[in-house]
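K.L.:
Okay, sequence plus prediction incoming.
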Amino acid sequence: MISVIICSVDKVLLEAVRQNITTTIGVEHEVIAIDNLNSGKGICEVYNEGVALAKYSLLCFLHEDISITTNNWGKTVVAVFRDDKVGLLGIAGSTYRSTVPSGWFPPHEFGTSSWRLNIIQGSRYQNKAEKHEYFNPLKENLSKVACLDGVWFCTTKKIAEEIKFDSGLLSGFHGYDIDYSLAVGQHYEVLVSYDILLSHASDGNFNDEWLKQIIKVQHKYRNILPLNYEGYEKEVVATMESSSLKRFLKEIIKNKSFTFQERKNVLNTYYRQNLIGTFKYLRFLYQLIKIRSN
């Protein structure tokens with residue numbers, strides 16, 4: 001009934017999550033674990049391979065460093081996908097997707113009002129206590145969102161065969177969840193469920209490589225962004241987008257892990273999209289050239 005697809009790099013974590021799935025899923029299933037420790041493949045390529053191998057009509061993609069605490073969660077997934085308008089189901093997402101790069105959540109200027117999630121967040125490396133994070137301001141069973149976190153999400157085999165993970169754009173391990181959410185969301189509903197709870201041991205890895213991949217995703221969907229299912233007023237959106245873009249461009253200009261041309265390309269992209277005016281563009285360009293010459 002459900003094919004669970006995992007891009008695996010740790011045999012110990014894989015065995016633990018495999019047992020967890022078997023104990024909690026509550027429906028007929030298979031686990032397709034693809035060893036990607038030394039293959040050099042990105043997660044999009046691995047997930048597409050998993051889709052091709054799957055024998056069931058429902059697919060669940062998840063990280064191997066999680067533990068699902070909800071029993072019979074597979075029955076919840078089956079029930080949600082009885083509605084053929086549903087294309088993607090997750091446990092953490094945002095009702096707003098900005099034009100400015102970010103994780104599944106919008107830039108911090110927007111705060112947490114657009115967050116929709118139910119997860120126990122842990123930390124593998126920083127020895128932090130687990131924290132149950134629950135954001136459901138409208139007290140819904142399901143919330144329509146613009147994008148999801150890739151820690152756990154489900155779709156159908158039919159949709160995954162129609163809308164493939166973009167391995168041509170993304171060859172690493174970042175950005176795939178935002179990209180896939182936006183791709184599926186143009187044809188189906190993308191939802192967050194609050195009826196499935198899991199713990200996640202990852203701290204996240206928002207490094208420069210992550211940022212480079214997110215920039216690619218933002219550029220790919222520039223014609224449909226921002227997506228505003230939160231109902232923010234136009235004036236609020238304009239102010240917050242402008243503020244977050246200004247901060248983002250300042251960070252990019254100073255970030256020397258990007259080449260001069262990469263930083264200039266980012267600046268030119270937002271200028272061509274008319275998101276910054278000529279005066280600001282020239283000012284940012286001057287700062288970039290000045291930093292390069294030092």
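P.N.:
Good, I have the coordinates.

K.L.:
Skip the chain neighbours and tell me the closest residue to F135.
P.N.:
Take F135 and drop its neighbours on the chain: the residue closest to it by C-beta to C-beta, 6 or more residues apart in numbering is W115, 4.1 Å away. Where you see a C-beta, it was placed from the backbone N, CA and C, and this is true even at glycine.

K.L.:
Give me the neighbour count for that neighbour.
P.N.:
24 (other C-beta atoms under 10 Å).

K.L.:
Check E15 too.
P.N.:
If you count neighbours by other C-beta under 10 Å, E15 ends up with 13.

K.L.:
Next, give phi and psi for it.
P.N.:
phi -60, psi -40 (degrees, to the nearest 10).

K.L.:
And the pLDDT at it?
P.N.:
Looking at E15, its pLDDT is 98.

K.L.:
Which residues are in contact with it?
P.N.:
With C-beta atoms under 8 Å, 6 or more residues apart in numbering as the criterion, no residue contacts E15.

K.L.:
Report the separation between it and V151.
P.N.:
19 Å (C-beta to C-beta, to the nearest Å).

K.L.:
Can you tell me the SS state at L117?
P.N.:
strand (DSSP: H, G, I helix; E, B strand; the rest coil).

K.L.:
ok, it - contacts?
P.N.:
I91, A92, G93, E133, Y134, F135, D149, V192.

K.L.:
what does Y56 give?
P.N.:
M1, I2, S3, E28, H29, E30, K157.

K.L.:
just so I have it, where are all the helices in this structure?
P.N.:
11-24, 43-53, 73-80, 157-162, 176-185, 208-220, 234-254, 260-272, 278-293 (DSSP state H).

K.L.:
what comes up buried for stretch 42-52?
P.N.:
Within stretch 42-52, the residues that count as buried by 16 or more other C-beta atoms under 10 Å are G42, I43, C44, E45, V46, Y47, N48, E49, G50, V51.

K.L.:
which one of those is nearest K144?
P.N.:
The closest of the buried residues of stretch 42-52 to K144 turns out to be Y47 (C-beta to C-beta; 23.3 Å).

K.L.:
Skipping adjacent residues, who's closest to the closest one in space?
P.N.:
F165 (4.8 Å).

K.L.:
The contacts of Y56: which two are farthest apart?
P.N.:
E28 and K157, at 14.5 Å, using C-beta to C-beta across those.

K.L.:
Looking at the two, which one has more neighbours?
P.N.:
K157 (16 against 9).

K.L.:
Where does the prediction get shaky in the stretch 51-200 of the chain?
P.N.:
124-126 (pLDDT under 70).
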